[in-house]
Every structure is written in structure tokens, then in C-alpha cells.
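> below are the sequence and a predicted model; questions follow.
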Amino acid sequence: MSPNQPTNLSRNEHDESNFANKRNGRQNNDAIFHAVESSADEIPSRARTIAIWLGLFTCAIVVSQLGRPSRAREAQFLHGAAKVEALGKPAQKVPNANLLPASADSATRSAEAKEVTPAVYVSKRYGVAWQYPRTYVLRKGANANLNLSGQPAAASAFAGSGGVTLATVIIPARLYPGTDFKNGSLTVRVNPQIAETECGQFQISDAEGGDGATFPSSQVTVGTIDFAETGVDVDDASGAPGSATQEKFYHVYDNDACYEFAMSVSTGASSAKASEAGVDRDDIFDRLTEILTSVTIVPRNGYVAGGGTENQIPR
């Protein structure tokens, strides 16, 4: 063997070693790229899984909130209830009292305070509350459905039997001296015996107790509540010249019951006062609508018709 043979063998072994290393390196690189590709395939799958869980979580939140009362409506209702609890306590401060002249006597100041501070009616039994001017008259109990003349303030327009009259707020004629104003009122009723579909319908029974007439309705938002609304011209039984009565009805379904707000405005000068100025009936309806704007109905779980008690602030 020549002296160069060991050297050649070492060189061949070295080349074979380099070739093996390169081959192993390619295999390792192939493994690395394969691992990267597998990881890339897993990313969309993880994203889909995360998106599904987020969707389910969002749906759970939405479902949990269904049927729960609005916090703003709850706060407004509780605010009215707080005013009821404060009944009989002297007011700490009278708004605009400093604007009265120094010569104003105590009666004038008392009348001014009564004018600017609204009264509040709250029915915890039916979860409804509203505000009205203290210069108006509130009738409740056995007289809840009567105006100041002892006549029914407004007919019921429920498309079904039953219903409870909670109260009637009346605008007294003394607030419109020298005019042909006769009556303006807002009567509130609740009927737990009719379904939600019937609540959007209006039907007024005739004098003989028959089914009466039905009236078309439209949707209107007053304050924060969406109502079904209709209007009716009522025949005046007095037959006085120029006498007219208009009524507007608003229905809303809540607490498994139908709430009715019935407005009635009557005008017409008597024969002895034919020179009286005509009052704007739209202005009267606007005043009654201001009361309707303040209405708050709070949905309550476990509502049972006929349970609980009612609170009112008298005039």
C-alpha cells in the first residue's frame, strides 16, 4: 500500500460524512417545515373554535337579559315611589320661590309651590306610576272612573271583558276661566284578562251593552313607551250648541296585562254663556299628553293580578 492510500481513505470518509450530514440536515429541515405547516393548519381551526365560544358567550348574555326591566325605567319608578314615601314631609326648597315679589303673601307662595311641584301616583300593585300637576284633581277608589260632574270620565276601549280603573286625573274648569272649556281628563285602567294581540285593538261598547264599534289604530311613541293609539268623536248627550267631546285611547301590553290610558276633552258654551271664548282642544290634549309622557311601567317577575297595595299622592 502506498503512502497516499490512508490519506485517500480519510478523504473519502470525510466526504461520506459530509454527505450524510447534508442529507440529515435536509431531513431535519423537511421535518421543521412540516411542523410549521401543521401549525399553520391548526390556526384557522383554533380561530373557529374561539369564534364559536365567543358567539355562545354573547348569546348567553343576550338571553339572560331578555325579560329583565330596564335599569333606567326601574330608577324612574323607584324615584316616583320615593316621592310617595315623602308624602306629608315639608319641602326643603320651593323652586322659583325667590322669583316671587317680596309682597307676596303665604297663600300666593303656597299656590306657586303647588303649581311647580308635581304630584305622583304610584300603583305598586300593577307596576305603574306617573306625575301630574298638583293643581289638577286626582280621583281614585270608588270615584276613579268619574269626572267632577259625577259622570264617567271616558269609556273603556278594551277589546275584551274585565279591567280595573286605577285613577282619573282631571283638569278643573277653573284653570280656563271665560272659555267654553267643560272637562279634560286622563283615565288609567288595567286589564289582565286579555291577550297581547287583543291589547292592540280598540272596541267601545254601546249604551245597550252590545259589542259596540271597533276603531282602527296606529303606533305612536310617547315618552319611552310604544303605544297603540286611536281617536274617537263622542256624541254629546246634552245637545248644547257647539258642544263636542273627543277621546283618545292608548294601549300598551306589559306585566301580562293591557294598560289603557283614555283621554277625554269636552268643550261647548252653555246658552247663558254664549259669549265665552272657544278653548283650543289640542292644547288640552297636549297637557294630558305631558302626563302620559311621565308614565313608567316596570316589568316585574312573578306578577300576580290583584295582589299588593296601591299608593297615591292626593291633590
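All right, it came through fine.
> pLDDT weak spots in the protein?
1-44, 56-116, 206-211, 236-242, 269-275, 300-315 (pLDDT under 70).
> separation between L292 and C258?
16 Å (CB to CB, to the nearest Å). (Glycine included, C-beta is placed from N, CA and C.)
> compare those two (neighbour count), which wins?
C258 (27 against 19; other CB atoms under 10 Å).
> quick one: classify that one as helix, strand or coil.
strand (DSSP: H, G, I helix; E, B strand; the rest coil).
> tell me the buried residues in stretch 175-189?
Applying a neighbour-count criterion of 16 or more other CB atoms under 10 Å, the buried positions in stretch 175-189 are 176, 179-189.
> I'd like the residues you listed as a markdown table, with distance to M263 and secondary structure appended.
What follows is the buried residues of stretch 175-189, written out as a markdown table (distance: CB to CB, whole Å; DSSP: H, G, I helix; E, B strand; the rest coil):
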| residue | distance to M263 | secondary structure |
| --- | --- | --- |
| Y176 | 16 | coil |
| T179 | 18 | strand |
| D180 | 18 | coil |
| F181 | 14 | strand |
| K182 | 14 | strand |
| N183 | 11 | strand |
| G184 | 8 | strand |
| S185 | 7 | strand |
| L186 | 5 | strand |
| T187 | 8 | strand |
| V188 | 10 | strand |
| R189 | 12 | strand |
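> among those residues, which one sits closest to D226?
Using CB to CB, V188 comes nearest to D226 of the buried residues of stretch 175-189, at 17.1 Å.
> circling back to that earlier point, out of the buried residues of stretch 175-189, who's nearest K248?
Closest to K248, out of all of the buried residues of stretch 175-189 and judged by CB to CB, is L186, at 9.5 Å.
> test my guess that the closest one contacts V169.
Yes. L186 lies in contact with V169 (CB atoms under 8 Å); the separation is 4.7 Å.
> report the set of residues contacting both of the two.
132, 288, 291 (CB atoms under 8 Å, 6 or more residues apart in numbering).
> tell me the domain boundaries of this structure?
1-66, 71-312 (automatic domain parsing).
> quick one: V232 from P216, how far?
11 Å.
> between these two, which one's more packed in?
Each of V232 and P216 has its neighbours counted (other CB under 10 Å); V232 has more, 18 against 8.
> give me the phi and psi for the more buried one.
Its backbone dihedrals place V232 at phi -140, psi 140, with angles given as degrees, to the nearest 10.
> numbering from 143 from now on, please.
Sure thing, new numbering starts at 143, so read that last one as V374.
> and it, what does it touch?
Counted by CB under 8 Å, 6+ apart, V374 has contacts 299, 346, 357, 388-391.
> got TSV for those residues, with neighbour count too?
Output for these, formatted as TSV (neighbours: other CB atoms under 10 Å):
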residue	neighbour count
A299	26
I346	21
F357	15
Q388	17
E389	21
K390	21
F391	26
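> which of the residues you listed fall in strands?
Using DSSP state E, the members of the contacts of V374 that fall in strands are 346, 357, 388-391.
> run through the bridge partners of the closest residue to G373 other than its chain neighbours.
Closest residue in space to G373, ignoring its immediate chain neighbours: K390 at 5.0 Å, by CB to CB, 6 or more residues apart in numbering. Counting by DSSP bridges, K390 forms beta bridges with G373, M405.
> can you give me the strands for the stretch 243-392 of the chain?
261-265, 270-274, 279-282, 306-313, 323-333, 344-346, 355-357, 360-364, 367-376, 386-396 (DSSP state E, counting those that start in this stretch).
> make CSV out of those and add distance to V407.
Below are the strands of the stretch 243-392 of the chain laid out as CSV (distance: least, CB to CB, whole Å):
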stretch, distance to V407
strand 261-265, 20
strand 270-274, 16
strand 279-282, 15
strand 306-313, 9
strand 323-333, 5
strand 344-346, 16
strand 355-357, 17
strand 360-364, 16
strand 367-376, 10
strand 386-396, 5
